[in-house]
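# All I have is the shape, not the residue letters:
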């Protein structure tokens, strides 16, 4: 059984390998394939299943915010501490970088200050100023 969703935790970004790969949530609500430019997230490890696909999360990192939709489960190992894999667009919002500046070689793990479920009517994307 999955843990509950934590209110903070480690996040990384999808590698180039996953670009254009099918995501676990293949409903009509979301694209069937991962793209770096979408605002999506995958739950990792023991957090898989903590919220249903389609759930929107507001993530906070150093005063920056982004809203993402959970549409995948990560392939990370259950023993790892990471909670989420983020699209490059979501990571760009949180780190103040441009999507195309984030690569497999320079992507890093960040510690999210906040992970909060939001209403489904809230639009995905950068909240406030963003790249």
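Happy to help now that I have it. Predicted model, so just to flag it, every value in this text is computed and none were measured. Numbering: from 1, shown residues only.
# who are the neighbours in contact with residue 70?
25, 40-43, 51-57 (Cβ atoms under 8 Å, 6 or more residues apart in numbering). Where C-beta positions appear, they are placed from N, C-alpha and C, glycine not excepted.
# beta partners for residue 114?
For residue 114, the beta-bridge assignment (DSSP bridges) gives partners residue 60.
# I figured it hits residue 7, correct?
Yes - counting by Cβ atoms under 8 Å, residue 114 touches residue 7, with 6.5 Å between them.
# And the two? Which one has more around it.
residue 114 (13 against 10; other Cβ atoms under 10 Å).
# just to revisit the earlier point, keep only those of the contacts of residue 70 that are in helices.
Nothing among the contacts of residue 70 maps onto helices, per DSSP state H.
# Just the buried subset of those residues, please.
25, 40-43, 51, 53, 55-57 (16 or more other Cβ atoms under 10 Å).
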